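Peer 1: okay, predicted coordinates and the sequence, questions at the end:
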Amino acid sequence: MFSLSSTVQPQVTVPLSHLINAFHSPKSTSSVSASVSQNQHRDVSPEHEAPSNEPMLNLRDLGLSELKIGQIDQLVDSLLPGICKGKNISSHWHTSHVSAQSFFENKYVFIQSRSFKTLKSRTRRLQSTSERLAETQYIAPSFVKGFLLRDRGSDVETLDKLMKTKNIPEAHQDAFKTGFAEGFLKAQALTQKTNDSLRRTRLILFVLLLFGIYGLLKNPFLSVRFRTTTGLDSAVDPVQMKNVTFEHVKGVEEAKQELQEVVEFLKNPQKFTVLGGKLPKGILLVGPPGTGKTLLARAVAGEADVPFYYASGSEFDEMFVGVGASRIRNLFREAKANAPCVIFIDELDSVGGKRIESPMHPYSRQTINQLLAEMDGFKPNEGVIIIGATNFPEALDNALIRPGRFDMQVTVPRPDVRGRTEILKWYLNKIKFDQSVDPEIIARGTVGFSGAELENLVNQAALKAAVDGKEMVTMKELEFSKDKILMGPERRSVEIDNKNKTITAYHESGHAIIAYYTKDAMPINKATIMPRGPTLGHVSLLPENDRWNETRAQLLAQMDVSMGGRVAEELIFGTDHITTGASSDFDNATKIAKWMVTKFGMSEKLGVMTYSDTGKLSPETQSAIEQEIRILLKDSYERAKHILKTHAKEHKNLAEALLTYETLDAKEIQIVLEGKKLELR
Ligand SMILES: Nc1ncnc2c1ncn2[C@@H]1O[C@H](COP(=O)(O)OP(=O)(O)OP(=O)(O)O)[C@@H](O)[C@H]1O
Ligand SMILES: [Zn+2]
């Protein structure tokens with residue numbers, strides 16, 4: 001079963017008594033021959049398989065070169081009566097022996113036997129007892145084999161030399177050899193013991209390893225580490241959330257307030273029980289991605305200083321029967337054992353969605369049922385609070401949002417301008433930034449950004465500053481990374497020819513001039529002719545505040561600003577040279593005009609009425625709507641033309657400044673439009 005490595009040499013062994021007798025064979029042949037002849041039969045007897053208790057000795061490791069021919073004959077005769085008699089080897093030996101002094105130097109019979117035994121290397125390679133048995137069956141008793149295979153001339157010489165150098169008299173040589181044999185035997189026994197204990201140790205280690213693997217797979221705590229590899233268990237790491245508190249979550253004040261009572265409950269569940277109050281078991285955090293739902297849940301656990309169990313809904317969504325359900329079971333079992341605590345299930349919709357069983361999610365129903373059963377299975381004041389998060393509350397299974405389950409909903413919206421400012425300040429404080437940085441300006445220009453996106457913006461600005469070899473982050477890097485997130489990376493590598501650059505500069509200046517000179521337009525933030533994403537240039541405007549509502553004048557102003565690009569092209573380069581670059585401007589203007597007519601009731605002709613599905617309307621109404629939209633756009637176009645004609649000089653100055661500097665911020669645009677000279681940067 002457990003074969004040893006090939007470096008371990010096979011041992012051909014004989015009992016000690018045989019060896020001693022062999023040395024003294026000429027004198028005490030009878031006892032040896034009796035025991036050896038027994039040995040011959042051992043090859044097939046089961047006795048042979050069971051190792052004898054007597055210490056075993058390897059004869060081939062003994063120096064026997066000093067034996068004279070006569071002695072060898074006697075020895076062999078006494079050890080191998082069968083072989084010697086049957087094959088008449090001794091006579092053969094006598095006639096063929098040439099002159100070799102030593103037994104091993106004789107190249108005749110015994111060497112033949114060696115080759116008959118197929119090369120010494122083969123013998124050396126023999127590994128298992130069974131192989132050895134097979135060999136010995138057709139050759140000779142094992143010890144003779146060792147005897148015959150003796151080929152370590154150097155060892156033999158050492159013993160010879162030793163006897164010579166020590167000047168051991170003939171009479172004592174036998175005693176010397178016996179002593180040598182005893183010493184050898186001891187060493188042999190020791191090697192055997194070492195080998196045995198090595199074998200035993202390996203066996204024990206192997207068994208321990210097997211137990212270890214089994215234990216790891218069974219133990220739910222240890223299996224956490226194996227979760228990803230085995231995919232079958234479900235334990236979840238509890239994480240102590242001391243370091244995350246409400247202080248870390250910015251711009252979601254209402255949500256924090258609502259969750260404050262949950263924190264109180266987790267801190268002291270008994271207090272609530274005494275008063276008979278009942279807290280929801282499950283809280284549903286609803287909001288767009290990256291608004292800090294996970295962060296809030298962590299903060300709840302952190303504020304209350306209780307363990308936090310994180311699980312993602314998609315982890316429970318398994319192709320295999322029962323896996324999702326068993327994961328949920330394990331999660332709740334562990335949480336209950338560690339109450340008070342918070343279980344957080346991210347992407348709840350992917351485990352608790354209303355989906356019917358489909359080939360993609362064959363066992364989702366089972367998983368939802370398990371979740372419901374677990375939620376029903378513990379008492380409200382047991383100290384376990386389940387917080388679920390979703391971007392699509394509509395997609396949740398109705399059973400999940402019934403009272404007693406996720407019955408409290410907390411909305412986590414995208415932050416408003418104040419929230420965004422706070423978030424930006426929070427992340428700016430983690431990096432080095434210039435005192436001139438005004439987080440509010442960035443906040444104003446990042447309508448709709450989530451907390452995660454704002455964090456990313458600050459991070460990208462820091463990276464940009466590092467790449468540019470700056471010591472601090474300035475507004476420039478922040479603006480840069482904002483544009484990158486909004487419009488894709490700059491395309492500096494694109495070679496834009498001068499003609500196109502000029503067209504772009506006049507087009508963008510057109511937008512900027514209209515924005516600057518129209519009362520209800522948003523203030524300009526920046527103008528650039530640096531290609532970015534799919535655009536060749538752009539003008540960004542900045543609302544002073546998040547706009548909850550927009551007036552008719554503001555909408556018209558937005559249309560006018562959109563028209564400014566094309567009007568500029570037409571006025572400067574002529575009708576024949578207008579470009580395709582204004583298509584997205586027209587999209588924008590047309591959308592606003594359409595909404596004014598069909599949604600906002602801002603057309604006198606069509607009245608205060610909404611027209612949702614324009615395809616189903618009568619042809620007359622449809623053409624009336626179209627007519628109104630057309631008029632709004634035409635008027636807008638004319639207004640833009642008027643402004644650009646009036647401010648042709650400013651328009652030209654701004655376009656040239658853009659051609660020189662590529663990007664101009666609000667202040668620089670103002671300087672140019674006021675007719676002042678722009679300082680060289
Ligand atoms: N309001 C916030 N205040 C501070 N940091 C925030 C805020 N919102 C998001 N972040 C940052 O963005 C990271 C991601 O947010 P989080 O994972 O909490 O969002 P989420 O709403 O759970 O998103 P998803 O729905 O994609 O899971 C947070 O780790 C945090 O660094
Ligand atoms: Zn444009």
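Peer 2: Thanks, I have the structure now. Please read all numbers here as calculations on a predicted model, not as lab measurements. Ligands and ions are numbered 1, 2, ... in the order given.

Peer 1: CA atoms of stretch 632-639 as CSV?
Peer 2: Taking C-alpha atoms only, stretch 632-639 is exported to CSV below (Å, rounded to 0.1, in the frame of the first residue of the first chain):
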residue,chain,number,x,y,z
LEU,A,632,-40.8,76.2,-30.4
LEU,A,633,-37.6,75.0,-32.0
LYS,A,634,-37.7,77.6,-34.8
ASP,A,635,-38.2,80.4,-32.3
SER,A,636,-35.4,79.1,-30.2
TYR,A,637,-33.1,79.0,-33.3
GLU,A,638,-34.0,82.6,-34.1
ARG,A,639,-33.3,83.8,-30.6
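
Peer 1: list the buried residues of it.
Peer 2: For stretch 632-639, burial by neighbour count (16 or more other C-beta atoms under 10 Å) applies to L632, L633, S636, Y637, R639. (Glycine included, C-beta is placed from N, CA and C.)

Peer 1: ok, stretch 444-460 next?
Peer 2: Of all the residues in stretch 444-460, those buried under the rule 16+ other C-beta under 10 Å are 444-446, 449-458, 460.

Peer 1: with respect to ligand 2, which of the residues you listed is nearest?
Peer 2: Taking C-beta to the ion as the measure, ligand 2 lies nearest G445 of the buried residues of stretch 444-460, at 17.9 Å.

Peer 1: from K430, how far out is the closest residue to ligand 2 within the stretch 101-250 of the chain?
Peer 2: Relative to ligand 2, the nearest point of the stretch 101-250 of the chain is K250 (34.9 Å; C-beta to the ion). According to C-beta to C-beta, to the nearest Å, K250 stands 12 Å off from K430.

Peer 1: the more surrounded of those two?
Peer 2: More crowded of K250 and K430, by other C-beta atoms under 10 Å: K250, with 23 against 11.

Peer 1: let me see the confidence value for the more buried one.
Peer 2: On pLDDT, K250 comes in at 92.

Peer 1: which SS state does it fall under?
Peer 2: coil (DSSP: H, G, I helix; E, B strand; the rest coil).

Peer 1: return the distance of it relative to L478.
Peer 2: Per C-beta to C-beta, K250 is found 17 Å from L478.

Peer 1: for the longest helix along the chain, packing partners?
Peer 2: Of all segments of type helix in the chain, defined using DSSP state H, the longest is helix 170-218. If contacts are counted by 3 or more C-beta pairs under 8 Å, 6 or more residues apart in numbering; DSSP states H and E, helix 170-218 sits against helix 16-23, strand 56-57, helix 153-165.

Peer 1: mean confidence score for the shortest one?
Peer 2: Pointing back at strand 56-57 there. Averaged across strand 56-57, the pLDDT comes to 43.

Peer 1: how about the helices in the stretch 201-350 of the chain?
Peer 2: Assigned by DSSP state H, counting those that start in this stretch, the stretch 201-350 of the chain shows helices spanning 227-230, 253-267, 269-274, 293-304, 313-316, 323-337, 349-352.

Peer 1: can you check the distance spanned by stretch 267-287, start to finish?
Peer 2: End-to-end distance for stretch 267-287: 26 Å, by C-alpha to C-alpha, to the nearest Å.

Peer 1: list the buried ones in that stretch?
Peer 2: By neighbour count on 16+ other C-beta under 10 Å, the buried set for stretch 267-287 is P269, F272, T273, L279, P280, K281, G282, I283, L284, L285, V286, G287.

Peer 1: out of those, what pair is the most spread apart?
Peer 2: Greatest spatial distance in the buried residues of stretch 267-287: T273 and G287, 31.1 Å, computed using C-beta to C-beta.

Peer 1: T575: neighbouring residues, count only.
Peer 2: 8.

Peer 1: and it, what is it in contact with?
Peer 2: Going by C-beta atoms under 8 Å, 6 or more residues apart in numbering, T575 touches no other residue.

Peer 1: which of the buried residues of stretch 267-287 fall in strands?
Peer 2: G282, I283, L284, L285, V286 (DSSP state E).

Peer 1: ok, so of these, who is nearest E261?
Peer 2: The closest of these to E261 turns out to be I283 (C-beta to C-beta; 10.3 Å).

Peer 1: ok, the closest one - contacts?
Peer 2: Residues in contact with I283 (C-beta under 8 Å, 6+ apart) are L259, V262, I385, I386, I387, G388, F406, M408, Q409, V410.

Peer 1: 7 Å instead, please
Peer 2: For I283, the contacting residues are V262, I385, I387, F406, M408, V410, by C-beta atoms under 7 Å, 6 or more residues apart in numbering.
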